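**Q** need a 3D model of the sequence below.
(2 chains)
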Protein chains: 2
Amino acid sequence: MISWVGGRPQRVEIPRLKPRGESRAAKRVDIADLVPEPVTYLAQAAYFQLGVFESLALAVANAPGIHAKENLSTAAGRVLAKHHGLVAEMKRRGSDPAEAMTPFAPHLDRFRTTTLGADWAELLLWCFLTAGFLDDFFIRLSAGLPSDIGPRAAQILGEDEGTHVIVTELQAAIAADPALASRLALWGRRLVGDTLLVARSAIHATGDLVSDELRIEPVFTELIAAHTRRMDSLGLTA
Amino acid sequence: MISWVGGRPQRVEIPRLKPRGESRAAKRVDIADLVPEPVTYLAQAAYFQLGVFESLALAVANAPGIHAKENLSTAAGRVLAKHHGLVAEMKRRGSDPAEAMTPFAPHLDRFRTTTLGADWAELLLWCFLTAGFLDDFFIRLSAGLPSDIGPRAAQILGEDEGTHVIVTELQAAIAADPALASRLALWGRRLVGDTLLVARSAIHATGDLVSDELRIEPVFTELIAAHTRRMDSLGLTA
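**A** Numbering: from 1, shown residues only, chains lettered A, B, ... in the order given. All right, here's what the predicted structure looks like:
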């Protein structure tokens, strides 16, 4: 398991830079302050998980062997359970999940369909990197949600027992074809750029760009560091 | 829920026809007598469920709207749980599930890929009809398995809470496009023919063709009657 989150998400202190004259600059500032409304948050996180499920199901269908197919089906089931867990949270709050997810579908569909990759290995890398990055991101953001929902969302998103299967399959694919490593390294760089944009679009901007940037930057630095560790785990240069 | 199985599977008496002079003809004869070895049975049933999952995941990915996508994702999860339930039974008996499923993969893959259909409605009809038929078939066959496995397999296969979602989506698609009904009626007839062949290939023949046929025929008659009721539930002529 690769994760930069040690147990519950922690807030990041920004020690030096302070927006001029704003009293809130004296408080702890964090990306969690930029969390959207709970249902907006849940809808985006849930619809993204559904997309990861679709990608993993595609990886199941195109697996080069029955062992890989069987293992990835477990990973697909785990991700689907995360999706349904978030959907259940929306229902618990009286929202219609499909209605709530609808506004975010075109953007997330476009992200997914344009970054799925050219073959099975690139598809698996998508499942590993974008899901890893955005799970971390949404867990981090969840600290800004009401207390009856944030920890539950973080717990659902933090369930990543299926991830090691994807890593194992990718490592085997790279071992079998050394030329794959450099192609996947390039692909990973492309993916992290596009994934960052998805994360950014899920943030509720306050309108104070400088202040927002102060909140976002250190967290994104950590998310990218975690991405680098994921690449390292595959022996790929980030 | 459409199912010809009222609770636990029942044996079928064949009242009149008896193979000449065979003492076992005096006993109850049933398709359950033609059940293959437990792991062979489980491997075929499990790999078929995995194929149904792949088909449903494809239906999720190609759903015309987010409500359908969300509903079908639940059905996909249920089928995947059935697959993993059967895989767990194989492991419980000390088998390697992937290894056990391998011999049946080419045949079942060919069946699935040649019968998936030309569009989303035909794909959904595949999920409804072939899964309904073969679940019923494998449940019926399970009566011939050892008692520590047959009832468990039947229970796993009988879990079809996801089916009503598929029916609802198909009914909506037919209501929206009346011309679809006649095309799906034809497609259903094609599907039942090919599905029958899959069921037949999963039976362990005794070598006595006449005797085998006596066992198979009444059960297949019932399976086809259940298929007709499924078609009826969609307003389609079987």
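**Q** return the distance of stretch A:181-189 from the chain's centre.
**A** When C-alpha coordinates are averaged (CA atoms, centre = their mean, to the nearest Å), stretch A:181-189 and its chain have centres 19 Å apart.
**Q** buried stuff in that stretch?
**A** Burial within stretch A:181-189, assessed by neighbour count using 16 or more other CB atoms under 10 Å in any protein chain shown, is assigned to A:181, A:183-185, A:187-188. The C-beta positions use only the backbone N, C-alpha and C, and glycine is treated the same way.
**Q** the host helix or strand of A:E213 packs against which elements?
**A** Mapping A:E213 onto the secondary structure by DSSP states H and E places it in helix A:209-233. The helices and strands touching helix A:209-233, judged by 3 or more CB pairs under 8 Å, 6 or more residues apart in numbering or on different chains; DSSP states H and E, are helix A:120-142, helix A:179-201.
**Q** how far off helix A:179-201 does that helix point, in degrees?
**A** Interaxial angle of helix A:209-233 relative to helix A:179-201 (axes from the mean of the first three to the mean of the last three CA atoms, to 10 degrees): 160 degrees.
**Q** mean confidence for helix A:209-233?
**A** Helix A:209-233 comes out with an average pLDDT of 91.
**Q** distance of the one residue in chain A that gets nearest to chain B from A:L234?
**A** The minimum distance from chain A to chain B, using CB to the nearest CB, falls at A:A57 (3.3 Å). When distance is defined by CB to CB, to the nearest Å, A:A57 is 22 Å away from A:L234.
**Q** can you give me every residue that contacts the closest residue in space to A:W187 that isn't next to it in sequence?
**A** Leaving aside its sequence neighbours, A:W187 sits nearest to A:E122 (CB to CB, 6 or more residues apart in numbering or on different chains; 5.2 Å). Going by CB atoms under 8 Å, 6 or more residues apart in numbering or on different chains, A:E122 touches A:116, A:183-184, A:187.
**Q** residues from chain A in reach of chain B?
**A** By the criterion of CB under 8 Å from any CB of the partner chain, the positions of chain A lying close to chain B are A:50, A:53-54, A:57-58, A:60-61, A:65-67, A:69-70, A:73-74, A:76-77, A:80-81, A:83-84, A:87, A:97-98, A:101-102, A:105.
**Q** where does chain A have low pLDDT?
**A** Low-confidence regions of chain A, defined here as pLDDT under 70, cover residues A:1-29.
**Q** what sits closest to the residue most central in space within chain A if chain neighbours are left out?
**A** The C-alpha lying nearest the average C-alpha coordinate of chain A belongs to A:L134 (CA atoms, centre = their mean; 1.3 Å). With CB to CB, 6+ apart as the criterion, A:L134 has its nearest non-adjacent residue at 5.7 Å, and that residue is A:F48.
**Q** contacting residues for that neighbour?
**A** Remark: with contacts taken as CB under 8 Å, 6+ apart, A:F48 is in contact with A:108, A:134, A:138, A:198.
**Q** pull out the buried members of those.
**A** Buried, going by 16+ other CB under 10 Å: A:108, A:134, A:138, A:198, out of the contacts of A:F48.
**Q** from the contact counts, what lies against the helix ranked longest in chain A?
**A** Ranked by residue count, the top helix of chain A under DSSP state H comes out as helix A:66-92. Taking 3+ CB pairs under 8 Å, 6+ apart as contact, the helices and strands that helix A:66-92 lies on are helix A:38-61, helix A:97-101, helix A:150-158, helix A:163-176, helix B:38-61, helix B:66-92, helix B:97-101.
**Q** let's have these in TSV, adding distance to B:A143.
**A** Compiled in TSV, those are given as follows (distance: least, CB to CB, whole Å):
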stretch	distance to B:A143
helix A:38-61	31
helix A:97-101	40
helix A:150-158	40
helix A:163-176	35
helix B:38-61	11
helix B:66-92	16
helix B:97-101	21
